[in-house]
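Asker: mind folding the following:
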Amino acid sequence: MKTKYKLQLPNQYNLLFLFIALLLSSCVPTTRITGTWKNPDAASKNYNKIVVAALTDNIRARETVESHMQAQFRARGVEVARSIDLFPPTASSKGGPDIDLLIDKMKVQNYDAIMTIALIDEQTETRYVPGTYGYAPITRFGWYGRFRGYYSYWYPTLYDPGYYTEEKIYFLETNLYDEDTENLVWSAQSQSYSPASLRNASEKLAEITVSRLAQDGLIR
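Answerer: Okay, here's the model as predicted:
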């Protein structure tokens, strides 16, 4: 009878693999929710028709964020309108659409909630990336005796010096307001760490926000 053996790596290799995985993951841009709040006094209901409004004068950012939120809501069967469609930007408009006009339009079109997305803070973090050695080994003791061997032994040991890098951290707040009462029913604080692009950060923010809303029972 043949005995089957299971290949097992030594513990130090497992630890090294874990360390490398953690190191690589720490360098990847991330967007995550850091905290949520749900109004305990709000009526228990699912919202089926929502207006999303990114609170920024940057037209491109407003359109991008609202579009990604709209796509995530629609994937769950929620009807959504972008504020940029209800009130297209003009050269003279500053600070977003008039709040009274927005609420009136929501009532007329039977929207039951409005979601706002705002950048509330931005920080720059300086991080030191340490230098590394690269080593190309040769046969043991192969360099003893002659300069050529010694030089050839040590030269492949290369050093890549360390350096400083700046990372951007963005703090965002997403609020959901009931249209009838205008009360805040749900709020989430999010953090986007060194996003590769506005699009990447916006897509991830929409995904995790809508998922949490469903988890908290506010949408289907």
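Asker: give the next helix or strand downstream of the lowest-mean-pLDDT helix or strand in the chain.
Answerer: For the chain, using mean pLDDT, DSSP states H and E, the weakest element among its helices and strands is helix 11-26, scoring a mean of 43. Per DSSP states H and E, the first helix or strand lying C-terminal to helix 11-26 is strand 30-38.
Asker: and that following strand, what does it pack onto?
Answerer: In terms of contacts (3 or more Cβ pairs under 8 Å, 6 or more residues apart in numbering; DSSP states H and E), strand 30-38 is packed against strand 184-193, helix 198-215. In this view, the C-beta of every residue, glycine as well, is placed from N, C-alpha and C.
Asker: list of residues touching the longest one?
Answerer: In other words, helix 198-215. Contact with helix 198-215 is made by 29-33, 36, 60-61, 64-65, 68-69, 71-73, 75-76, 117, 170, 172, 174, 176, 186, 188, 190, 192, 195, 219-220, as judged by Cβ atoms under 8 Å, 6 or more residues apart in numbering.
Asker: weed out the non-buried ones from the residues you listed.
Answerer: For the contacts of helix 198-215, a burial check counting by 16 or more other Cβ atoms under 10 Å picks out 31, 33, 36, 64-65, 68-69, 72-73, 117, 170, 172, 174, 176, 186, 188, 190, 192, 195, 219.
Asker: one step back: take the helices and strands packed on strand 30-38 and lay them out in CSV including mean pLDDT and distance to Lys45.
Answerer: Output for those, formatted as CSV (pLDDT from 0 to 100; distance: least, Cβ to Cβ, whole Å):
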stretch, mean pLDDT, distance to Lys45
strand 184-193, 93, 9
helix 198-215, 94, 12
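Asker: what residues are up against Asn175?
Answerer: Contacts of Asn175 (Cβ under 8 Å, 6+ apart): Met115, Thr116, Ala118, Leu184, Trp186, Ser187.
Asker: now swap in Glu66 and tell me
Answerer: For Glu66, the contact set (Cβ under 8 Å, 6+ apart) comprises Val52, Ala53, Ala54, Arg82, Ser83, Ile84, Ile117.
Asker: rewinding a little: just the buried subset of the contacts of Asn175, please.
Answerer: By 16+ other Cβ under 10 Å, these give Met115, Thr116, Trp186, Ser187 as buried.
Asker: how about the third one, nearest residue that isn't a chain neighbour?
Answerer: Put plainly, it is Trp186. In space, and not counting its chain neighbours, Trp186 is closest to Leu176: 4.2 Å by Cβ to Cβ, 6 or more residues apart in numbering.
Asker: touching, that neighbour and Ile117? I think so.
Answerer: No: applying Cβ atoms under 8 Å, one finds Leu176 not in contact with Ile117, separated by 10.4 Å.
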